[in-house]
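Undergrad: sequence and predicted model, in that order:
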Amino acid sequence: MKKLYRNMRLFTPADGGRPLCGAEQANVKEIENASMLISDGIIERIGTDGEVTEGLSCSCISFEKDLKGACVIPGFVDPHTHMCFAKSREEEFGMRLAGLPYLEILARGGGILSSVNAVKKADDEQLFEATKKNVLAALSKGTTTVEIKSGYGLETKTELRMLEVIKRVGKETPADVVATFMGAHAVPLEWKKKADSFTDEILIKEMLPQIKAQGIAEFCDVFCEEGVFSVDQSRRLLKAALSLGFRIKVHADEVNDLGGAGLAAELHATSAEHLLAASEENLKAMGASGTVAVLLPATAFSLKKPYARGRDIVDWGVPVAIATDCNPGSCFCESMPFVFSLAVMNMDMTVNEALTAATLNAAYAINRADKTGSLERGKQADFVVLDGETPTVLAYHAGSTSVSEVYKLGERVA
């Protein structure tokens, strides 16, 4: 049996088989008095009410709903999170606000290593419940598909355990969850002076084959940054990942222009993320390679740092996505509407560009554009009903959520 949703004002980017870039990123289709016919969670017909209902037999409709002219957009896709963690770092946030340098916070037991220790101490059920809570919070704000990285293990056993938890969250919540292996999130203290050996002996020879055999992670990511993994170390890891059949991502040039964006372009990575310090040359190379630039404005907000050059990056022909970067340290934020607002207000993206960045391009950044990211025939009926006339309300109604209802596969889930 089929479901029919009628009388909506529909806004969606149109999927042309690749991420939208340059002027095309603002191509959002608007349909007044739209309807959507859904069969087994998949959009069978979508368009004006007349187009959808023509020749349609009432007997085949098991459920019909009038959305009373509400604004409807695709469900948000969050393509960069670290939602699998066991403990918040609220106390550390207070230290940072008080002006304490990161190295001193690290010396007091804070920083990424505190998250690593918390994950190791937590049992599987505790880690699952904490991760599930984060995913459901995101779902309530309109995120119907989310990427989650491992990376708070830094050793094989815990990385595998994190990925099992991520898989379980995907099974036991309505959201679609995409898993990324990020054992290269930091260099453990005991390997600090032997980062090359950690890369070659632990990440490449030990972790990657076991992660591949486990079969949960689709992507391999690396933190390519000064003091973490060099361009050469990152290249070796990512090439090894590619040879095993992983898709690849790069945490690139967040603090320094190390060349991570250029590496992402060289290896045709699916996405490169952060990019606050990336050079114009390397960003343009990403555009030429089709690598999606995933920008994380809530992280800049939380760290009181300059924002990525969203306006320039769009104008340079690079496909741009936006994400929350939800994590316990630098950005505890599950809200894609907030990220949308920051993209418009602080990165000078237009509303249409931000909508594409939060939906279709974000779906391309995690290899899910065949299923979601736009509302079109053959795709999943993942959509959000807004309390406003247009998607502009997401930036206009500051300090509030404008998400009224969230639908996954045609079912109301939040």
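TA: Okay, I see it.
Undergrad: three-state assignment of V294?
TA: strand (DSSP: H, G, I helix; E, B strand; the rest coil).
Undergrad: neighbours of it, how many?
TA: If you count neighbours by other C-beta atoms under 10 Å, V294 ends up with 31. No exception for glycine: its C-beta is placed from N, CA and C like everyone else's.
Undergrad: in the longest strand anywhere in the chain, what counts as buried?
TA: Criterion DSSP state E: the longest strand present in the chain is strand 61-74. By neighbour count on 16 or more other C-beta atoms under 10 Å, the buried set for strand 61-74 is L67, A70, C71, V72, I73, P74.
Undergrad: looking at it now, give me its mean pLDDT.
TA: For strand 61-74, mean pLDDT rounds to 97.
Undergrad: centre of the chain to that strand, how far?
TA: Its chain's C-alpha centre and that of strand 61-74 lie 26 Å apart, by C-alpha atoms, centre = their mean, to the nearest Å.
Undergrad: distance to A118 added to the buried residues of strand 61-74, as JSON lines?
TA: Formatted as JSON lines, those follow (distance: C-beta to C-beta, whole Å):
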{"residue": "L67", "distance to A118": "43"}
{"residue": "A70", "distance to A118": "41"}
{"residue": "C71", "distance to A118": "40"}
{"residue": "V72", "distance to A118": "39"}
{"residue": "I73", "distance to A118": "36"}
{"residue": "P74", "distance to A118": "34"}
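Undergrad: so what strands line up beside the longest strand of the chain?
TA: strand 2-13 (parallel), strand 383-386 (antiparallel) (DSSP bridges).
Undergrad: just the residues contacting the next helix or strand after it, thanks.
TA: The helix or strand immediately downstream of strand 61-74 is strand 76-78, counting by DSSP states H and E. Residues outside strand 76-78 that contact it (C-beta atoms under 8 Å, 6 or more residues apart in numbering) are 138, 141-147, 321, 323-324, 326, 336-337, 340, 358-359, 362-363, 365-366, 368, 372-373, 384.
Undergrad: now for the helix or strand that comes right after strand 76-78, which elements pack on it?
TA: Under the assignment DSSP H and E, the closest C-terminal helix or strand after strand 76-78 is helix 90-97. Counting contacts by 3 or more C-beta pairs under 8 Å, 6 or more residues apart in numbering; DSSP states H and E, helix 90-97 packs against helix 102-107.
Undergrad: thinking again about what came up before, most tightly packed of the strands paired with strand 61-74?
TA: Mean neighbours per residue, mean count of other C-beta atoms under 10 Å, is largest over the strands paired with strand 61-74 for strand 383-386, with a mean of 24.
Undergrad: state the mean pLDDT of it.
TA: pLDDT averaged over strand 383-386 gives 98.
Undergrad: how about stretch 239-247?
TA: What stretch 239-247 shows for mean pLDDT is 98.
Undergrad: any idea how far apart the tips of that stretch sit?
TA: Its first and final residues considered, stretch 239-247 spans 10 Å by C-alpha to C-alpha, to the nearest Å.
Undergrad: what comes up buried for it?
TA: Residues of stretch 239-247 classed as buried: A240, A241, F246, R247 (neighbour count, 16+ other C-beta under 10 Å).
Undergrad: who's in contact with that stretch?
TA: 181, 204, 208-209, 212, 217-220, 248, 267, 270, 367.
Undergrad: quick check: can you list the domain ranges of the protein?
TA: 2-75+373-412, 77-93+132-364 (automatic domain parsing).
Undergrad: ok so, going back, using PDB, write out every CA atom in the longest strand of the chain.
TA: The C-alpha trace of strand 61-74 is given here as PDB (Å, rounded to 0.1, in the frame of the first residue of the first chain):
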ATOM      1  CA  ILE A  61      -3.700   4.600  -0.700                       C
ATOM      2  CA  SER A  62      -3.400   3.400   2.800                       C
ATOM      3  CA  PHE A  63      -2.500   6.700   4.400                       C
ATOM      4  CA  GLU A  64      -3.100  10.300   3.200                       C
ATOM      5  CA  LYS A  65      -2.000  13.500   5.000                       C
ATOM      6  CA  ASP A  66      -2.600  17.200   4.200                       C
ATOM      7  CA  LEU A  67       0.500  19.200   5.200                       C
ATOM      8  CA  LYS A  68      -1.500  22.400   4.900                       C
ATOM      9  CA  GLY A  69       0.900  24.400   2.700                       C
ATOM     10  CA  ALA A  70       4.000  23.700   5.000                       C
ATOM     11  CA  CYS A  71       7.500  24.100   3.700                       C
ATOM     12  CA  VAL A  72       9.200  20.700   3.100                       C
ATOM     13  CA  ILE A  73      12.900  20.000   2.500                       C
ATOM     14  CA  PRO A  74      15.000  16.900   2.200                       C
END
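Undergrad: no further questions, thank you.
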